[in-house]
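Undergrad: I'd like to go over a predicted model; first the sequence, then the structure.
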Amino acid sequence: MKPNALNTRRQALLSLAGLALAGSPVLARAQSDKPVRFILPVSAGSGVDAITRASSNQLGKALGQSVVVDNQPGAGGVVGTQNLVKAAPDGQTLGMVSNNHVIYPSVLKSLPFDPVADVTPIAVVGSTPMVLVVNPKVPANNLKELVALLKAHPGKYNYGSAGNGTILHLGAEQFKDATGTFSTHIPYRGTGPLVADLIGGQVDWAVVALPAIQGQIKAGLVRALAIASPQRSAAAPDIPTAAEAGVPGFQVEGWFAVIGPKGLSAEQVKRVNQAVVTAFNTPEVKEAMAKQGNMIQVSTPEAATAHFKRELAKYAALVKKAGVEPQ
């Protein structure tokens, strides 16, 4: 065979080998070496942060990629969500959001994205209980005593939230509405800073997701007065429900869901949904969720989309009733 013909044949074989390698598991593994980024539009120390970090290891195993948790708080969650919306729909950038995601349109005059149309709902993962807590210096050992205190001194005591219009803000407003009391609102840039000032005494009381405050309750840094759920939490059985404590009209519960950018392919949606189901069904994550008090029931992508739409309408009505002015 002539040298030129031999070189041509060798080049052709190398090209075929390259094409074969492109479809091989080796390259697939190489592509999955890049970590999946989970954008959390909340501060470290929030309920969603605790949930995501507790499940990130198993999520990574189920996805076949490591998971990087990226906290991006600000504007009640708008900053982080806006960055998620702008991300490429390639399955490399996902997010974990809460009720706040569908509250935005009702509390903000201008929103740079549509909370349903501009994302891909993948799975509503479960729900988490909310608890009303006070700084230990507040002279109230139960909910009835707090109500009496607030009525006797309207405006003297304040409450904090993770930001204007967040679920923590609306939860506290619901308590005020149910009890006919008044407290001054102090909005924070996330749950972490709120809890820090609650412990420090700058904030008198707040409604916080149980996973975000459970450690501080056990340490005696804050006093829990009631769970805002229909039943007591197995993770904190000593905390009475609001109804048991004398305020049956105070009920608010958080939920958390996995989303992706708009345009995520059906294959990617199915892959991530199955990974969420797998991860949250492992003994490790089940135990972590039980300790935090979360109830896990992973939905289908279709059910998640329907859930987002229902919650959007529900919170529009709640915000209007609470009299929260859009900002």
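TA: Received, thanks.
Undergrad: quick check: residue 187 touching residue 164?
TA: Yes. Between residue 187 and residue 164 there is a contact under C-beta atoms under 8 Å: 4.8 Å. Yep, even glycine has a C-beta here, placed from its N, CA and C like the rest.
Undergrad: any shared contact partners between these two?
TA: When C-beta atoms under 8 Å, 6 or more residues apart in numbering defines a contact, no residue borders residue 187 and residue 164 alike.
Undergrad: all helices of this structure, in order?
TA: 3-22, 25-31, 47-63, 78-86, 100-107, 143-152, 167-179, 191-200, 210-218, 266-279, 283-292, 301-322 (DSSP state H).
Undergrad: of all those helices, which lies closest to residue 159?
TA: Residue 159 lies closest to helix 167-179 among the helices of the chain, at 5.0 Å (C-beta to C-beta).
Undergrad: I'd like to know which elements the closest one is packed against.
TA: Counting contacts by 3 or more C-beta pairs under 8 Å, 6 or more residues apart in numbering; DSSP states H and E, helix 167-179 packs against helix 100-107, strand 119-134, helix 143-152, strand 158-161, strand 184-187, strand 205-209, helix 301-322.
Undergrad: for the closest residue to residue 165 other than its chain neighbours, give me its contacts.
TA: Leaving aside its sequence neighbours, residue 165 sits nearest to residue 107 (C-beta to C-beta, 6 or more residues apart in numbering; 2.8 Å). Going by C-beta under 8 Å, 6+ apart, residue 107 touches 76, 164, 165, 319, 324, 326, 327.
Undergrad: report pLDDT for residue 107.
TA: Confidence at residue 107, expressed as pLDDT, is 88.
Undergrad: look up how far residue 63 lies from it.
TA: Separation of residue 107 from residue 63 (C-beta to C-beta, to the nearest Å): 33 Å.
Undergrad: indicate which one of the helices of the chain is closest to residue 129.
TA: It is, among those and with distance given as C-beta to C-beta, helix 210-218, at 4.7 Å.
Undergrad: now that closest one against strand 119-134, angle please.
TA: Angle, helix 210-218 to strand 119-134, by axes from the mean of the first three to the mean of the last three C-alpha atoms, to 10 degrees: 20 degrees.
Undergrad: what are the contacting residues of helix 210-218?
TA: 45-47, 49-51, 128-131, 133, 191, 195, 199, 222-224, 227, 233, 235-236, 239, 292-294.
Undergrad: what residues of that helix count as buried?
TA: Neighbour counts over helix 210-218 (16 or more other C-beta atoms under 10 Å) mark 210, 211, 212, 213, 214, 216, 217 as buried.
Undergrad: neighbours of residue 284, how many?
TA: By other C-beta atoms under 10 Å, the residues close to residue 284 number 13.
Undergrad: for it, which non-adjacent residue is closest in space?
TA: residue 58 (5.9 Å).
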